[in-house]
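1. Below are the sequence and a predicted model for it; my questions follow.
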Amino acid sequence: MFFLALGAVVLVLRGSDPLLFRAHSVMLPHALQTLGSAMLLGACGATLFASRFKHMLTTQTRQRHYTTLALLGAVTFGCAFLSLAAREWELMLDRTTLVTRAPAEVMGGGSRSQKTDDQSQQIEMKDEKEASRDGKAAENSPQADDIMRRADNDPATSTLIQNPKSKIQNLPPTLPQSEIRNPPPILYVTDARLDRRGTRLTLEGVTAPLPVGVSLDVHRVSRPEIAEWPGAVRGTLQFNAADVVALQPHGPRKNMVFASYYAIAGATTFATVGLTLLCIVLLARHLLHRPVFRATGNVGILWAFLTVMWIACRAML
């Protein structure tokens with residue numbers, strides 16, 4: 001009942017905000033999830049296979065060996081799933097969303113996204129064309145000839161042309177001094193795996209400056225979204241800890257996608273621990289020549305239910 005209720009809650013949450021689930025589900029460890037599902041299927045099949053040998057108290061040694069190997073396989077598959085789950089949690093908790101006041105130092109040069117490179121090339125080509133067109137128009141215009149004649153007849157203008165620095169210092173600034181001294185702050189958003197902590201943070205992921213007009217929510221921003229921003233860079237990144245404005249690990253508090261993931265993974269891990277311990281008890285009773293085929297069949301049914309719910313809940317994410 002608990003897994004059915006958990007699956008219903010995940011469905012409701014996914015229906016309330018499908019874009020959030022679609023953006024963050026790509027960051028889940030799908031390869032480890034697939035291996036975990038295979039381990040659960042193996043434990044289920046081994047337990048059900050062991051329950052087929054009903055005459056375990058007879059003198060037929062081969063049947064007893066088959067049952068022993070089947071129960072031992074179920075225990076092995078259960079332990080393998082627990083190790084994969086621990087690895088999943090380690091990878092997920094090492095990832096973080098970081099907001100800093102200063103850009104990252106990219107180790108090894110890094111790599112820019114193709115979309116960012118195309119946008120930069122288009123902007124540079126457009127600026128070059130406009131500058132070339134404006135320069136040609138200015139050279140061929142009659143106003144340019146008139147300005148040059150006036151400059152030759154005006155002593156102040158000729159002095160400024162000969163010694164440009166003599167008058168530039170007295171020209172009024174184009175911006176107020178307050179805006180020059182206090183420019184608007186630029187924030188840099190990073191989504192990466194945290195490799196090393198301390199005064200210098202080392203991460204492996206993607207970083208980009210926050211575009212103008214884009215509202216930032218560290219609980220909703222995702223790595224694919226950051227990779228689409230202009231100026232995005234991938235690679236090994238380094239930050240000063242003093243420049244960090246916000247740091248949000250990819251834990252249950254990140255958003256409801258990760259909260260659902262940890263709830264499903266935690267419940268499945270807890271149930272796997274219990275069923276693995278039951279298989280160990282059944283194996284011990286079997287080695288002591290106790291009848292355990294009925295209990296083994298019931299445990300196999302529980303393994304099958306857990307496997308089905310695990311695959312269904314992961315598919316919802």
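-> Looks like it arrived, so ask away.
2. Going by C-alpha atoms from here, please, whenever you check contacts or count neighbours.
-> Noted.
3. Quick check: which ranges of the stretch 151-300 of the chain have low pLDDT?
-> 151-185, 196-198 (pLDDT under 70).
4. hey, where'd the helices end up in the chain?
-> Along the chain, counting by DSSP state H, helices occupy 2-16, 18-24, 30-50, 61-94, 114-140, 142-153, 155-162, 165-168, 177-181, 223-227, 256-287, 293-316.
5. name the helices or strands packed onto the fourth one?
-> Looking back up the chat, that one is helix 61-94. Contact here means 3 or more Cα pairs under 8 Å, 6 or more residues apart in numbering; DSSP states H and E; on that basis helix 61-94 packs against helix 30-50, strand 188-196, helix 256-287.
6. buried set for that helix?
-> For helix 61-94, a neighbour-count test (16 or more other Cα atoms under 10 Å) marks 63-64, 67-68, 70-82, 84-85, 88, 92, 94 as buried.
7. Could you check the angle that helix makes with strand 188-196?
-> Taking axes from the mean of the first three to the mean of the last three Cα atoms, to 10 degrees, one finds helix 61-94 and strand 188-196 inclined to each other by 130 degrees.
8. okay, the angle between helix 61-94 and helix 30-50?
-> In terms of direction (the same axes, to 10 degrees), helix 61-94 departs from helix 30-50 by 160 degrees.
9. With the first one instead?
-> With the same axes, to 10 degrees as the criterion, the two stretches helix 2-16 and helix 30-50 enclose an angle of 150 degrees.
10. The last one too?
-> The directions of helix 293-316 and helix 30-50 differ by 160 degrees, with the same axes, to 10 degrees as the criterion.
11. what's the spacing between the nearest residue to residue 66 once chain neighbours are set aside and residue 248?
-> Nearest residue to residue 66, sequence neighbours excluded (Cα to Cα, 6 or more residues apart in numbering): residue 50, at 7.3 Å. The spacing between residue 50 and residue 248, counted by Cα to Cα, to the nearest Å, is 47 Å.
12. Would you mind telling me which of the two has the busier surroundings?
-> Under the criterion of other Cα atoms under 10 Å, the comparison of residue 50 against residue 248 puts residue 50 first, with 26 against 15.
13. Just list the residues touching the more buried one, thanks.
-> Neighbour list for residue 50: 66, 67, 68, 70, 71, 293, 296, 297 [criterion: Cα atoms under 8 Å, 6 or more residues apart in numbering].
14. could you redo the last one with a cut-off of 7 Å?
-> Contact analysis of residue 50 by Cα atoms under 7 Å, 6 or more residues apart in numbering lists 67, 70, 71, 296.
15. Neighbours of the last one, how many?
-> The tally of other residues near residue 296 (other Cα under 10 Å) stands at 22.
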